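J.: Sequence plus the predicted model coming up.
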Amino acid sequence: MSNNNLFKWLYPGIKVKRWMMAAFFGVLIVGVGAVFSVSEYPFVRTFGTIIILCGVVFIVLGMGKMTVSLLTLFLPRRERDIVNILYQRRYLERGPKIVAIGGGHGLSHLLLGLKEYTANLTAIVTVADSGGSSGRLREEFKIVAPGDIRNCLVALADAPALMGQLFQYRFAEDSQLKGHNFGNLFLTVMVQLTGGDFQKAVEESSKVLAIRGKVIPSTVHNVHLVAEYIDGTRTEGEAKIPRTGVAIKQLFLKPEDAQPTQEALTAIAEADIIVMGPGSLYTSIIPNLIIKDVPQAIVRSPAYKIYVCNVMTQCGETDGFSAADHVRVLVEHGDAKALDACIINDAPVPQEALKRYRDDHSYPVAADTQRIKDMGYKVVATDLLSVNDYVRHDSKKLTQALIQLIESQRVIKR
């Protein structure tokens, strides 16, 4: 360091030199106390010990305040309570390794709660979306759908709220970019800048948003979802699947040999807990489970495996489904051994809220816990509802239910 840089530490307004002087003064006091402490007179030695203790106080105070002054220069303005920040981050780093599998708004809503519980959080996200902005971008640029990835990045963001709002901003209908979402466009551009490497683009976007955890696409192949219905007909395209009015028999991916990302397989293998859902059963959760090698990886994983069932049925996908029907379809597409427990809502939905859903032919999912138990799975049925404009899971209630279930299995070691 040059003499000029050393001299800058003495500039006014840095709020460092006063604490440096306090620490230096403490060292001098300790030195004086040390002289008295070797006296042959007991009273003088005691006085010397007191002086040494006072000096130590000045040293600790000076060094501590100087450290805080330096750290606050490098932290966002909203983060001034250094002790709380350090404690929180160290606490979160000791949390269990949780892998959340799914897509859509259900997964991002789950992540909002879980990120306050552990920093060892990985979201494995479907990329089979074919509607809206994501569908237009994937067709034009031949990339995987960015929409669900974007939602999860924003949910895990530790950056200022404005950054999250920026990524979720949707252009007006009278714009040439109508219907597009800024976050989707950002990811698309990032793919181009990284030479077509979608996974690398997600990693770089994660740095921009300073996310707590990881977001991993379940595959980087440009896959399309194909549904076979009970009448033998088929439909290709995630957005088109619920529109036929015919019950779904089975789902496939096109191409069928699409490979999962290695990062997804590694996260599953190292997980303490794997959570599937909530989210659209056929178009958000199952698309991840029908990728080659993923069901086998989940079965081999030592993780405790939990399915979070939706609170409402979805028209065109799960019409008339109970909670047990959701579980049955899930294990039929995955593996019966890829599940240990289910969390379902058993709180009644207010009648006023139900009226808003009748036009969409959406109804509360019946909590038939005994049928699920008869399948061999543990069931936690509790109040998970949040009723505002929509009937959905309450993030705090769901996180609490998950934590209680996990702790009851003694998975967590803090």
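T.: In hand now; what should we look at? Numbers count the residues shown, from 1 in each chain.
J.: Give the buried residues for stretch 112-131.
T.: Within stretch 112-131, the residues that count as buried by 16 or more other CB atoms under 10 Å are 113-115, 117-130. All C-beta atoms are positioned from the backbone trio N, CA, C, and that covers glycine.
J.: Confirm Ile343 sits in a strand?
T.: Yes. The assignment for Ile343 (DSSP: H, G, I helix; E, B strand; the rest coil) places it in a strand.
J.: Was I right to think it contacts Leu384?
T.: Yes. Contact criterion CB atoms under 8 Å: Ile343 and Leu384 qualify, at 7.3 Å.
J.: For the nearest residue to Pro242 once chain neighbours are set aside, give me its contacts.
T.: Counting by CB to CB, 6 or more residues apart in numbering, Pro242 lies nearest to Gly316, which is 2.8 Å off, once chain neighbours are set aside. Applying CB atoms under 8 Å, 6 or more residues apart in numbering, we find Gly316 in contact with Ile241, Pro242, Arg243, Thr244, Gly245.
J.: mind checking how far Gly316 is from Leu265?
T.: Separation of Gly316 from Leu265 (CB to CB, to the nearest Å) stands at 32 Å.
J.: Same check on Ile306?
T.: 19 Å.
J.: Looking at those two now, which is surrounded by more residues?
T.: Per other CB atoms under 10 Å, whichever of Ile306 and Leu265 has more neighbours is Ile306, with 25 against 22.
J.: quick one on the thing from earlier: overlap in contacts, Ile343 and Leu384.
T.: Leu398, Ala401.
J.: before we move on, back to that, please pick the buried ones from the contacts of Gly316.
T.: Ile241, Pro242.
J.: Including pLDDT, secondary structure and distance to Ile286, could the contacts of Gly316 go into a markdown table?
T.: A markdown table is the format used below for the contacts of Gly316 (pLDDT from 0 to 100; DSSP: H, G, I helix; E, B strand; the rest coil; distance: CB to CB, whole Å):
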| residue | pLDDT | secondary structure | distance to Ile286 |
| --- | --- | --- | --- |
| Ile241 | 92 | helix | 11 |
| Pro242 | 90 | helix | 13 |
| Arg243 | 88 | helix | 18 |
| Thr244 | 86 | coil | 17 |
| Gly245 | 85 | coil | 20 |
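J.: Quickly list the domain ranges of the chain.
T.: Here the domain parsing of the chain from automatic domain parsing is 3-74, 90-126+218-408.
J.: per-residue confidence for the residue nearest to Pro242?
T.: pLDDT, Gly316: 91.
J.: Give me the phi and psi for it.
T.: phi 90, psi -10 (degrees, to the nearest 10).
J.: How confident is the prediction for Arg414, by pLDDT?
T.: pLDDT, read off for Arg414, is 43.
J.: I meant to write Gln88 there.
T.: Predicted confidence (pLDDT) for Gln88: 63.
J.: Likewise for Gly183?
T.: pLDDT at Gly183 comes out at 89.
J.: just to confirm, which helix or strand has it in it?
T.: helix 182-193 (DSSP states H and E).
J.: Would you mark the buried spots in that helix?
T.: Quick answer for helix 182-193 (16+ other CB under 10 Å): Phe182, Gly183, Asn184, Leu185, Phe186, Leu187, Thr188, Met190, Val191.
J.: Name all residues that make contact with the fifth one.
T.: So that's Phe186. Phe167, Ser205.
J.: go on, the last one?
T.: The neighbours of Val191, taking CB under 8 Å, 6+ apart as the test, are Phe141, Ile143, Asp197, Phe198, Ala201.
J.: what's the answer for Leu92, then?
T.: By CB under 8 Å, 6+ apart, the contact list for Leu92 reads Glu116, Tyr117, Thr118, Ala119, Asn120, Arg212.
J.: For the second one, list the residues it contacts.
T.: With CB under 8 Å, 6+ apart as the criterion, the residues that contact Tyr117 are Leu92, Gly95, Ile98, Thr399, Ile403.
J.: Next up, phi/psi of the first one, please.
T.: What that stands for is Leu92. Torsion angles, degrees, to the nearest 10, at Leu92: phi -70, psi -30.
J.: Keep only those of the contacts of Leu92 that are in strands.
T.: Judged by DSSP state E, strands contain none of the contacts of Leu92.
J.: what's the offset of whichever helix in the chain runs longest from the middle of its chain?
T.: Counting residues, the longest helix found in the chain (DSSP state H) is helix 42-74. On the basis of CA atoms, centre = their mean, to the nearest Å, helix 42-74 sits 42 Å off its chain's mean C-alpha point.
J.: Name the helix or strand of the protein that has the lowest mean pLDDT.
T.: Comparing helices and strands within the chain by mean pLDDT, DSSP states H and E singles out helix 3-8 as the least confident, with a mean of 55.
J.: and the helix or strand that comes right after that helix, what does it pack onto?
T.: For helix 3-8, the following helix or strand on the C-terminal side (DSSP H and E) is helix 17-37. Judged by 3 or more CB pairs under 8 Å, 6 or more residues apart in numbering; DSSP states H and E, the packing partners of helix 17-37 are helix 42-74.
J.: relative to helix 17-37, how tilted is the helix it packs on?
T.: 160 degrees (axes from the mean of the first three to the mean of the last three CA atoms, to 10 degrees).
J.: so who does the residue lying closest to Leu156 once chain neighbours are set aside touch?
T.: Using CB to CB, 6+ apart and skipping the chain neighbours, the partner closest in space to Leu156 is Ile211 (4.0 Å). By CB under 8 Å, 6+ apart, the contact list for Ile211 reads Leu153, Leu156, Ala157, Asp158.
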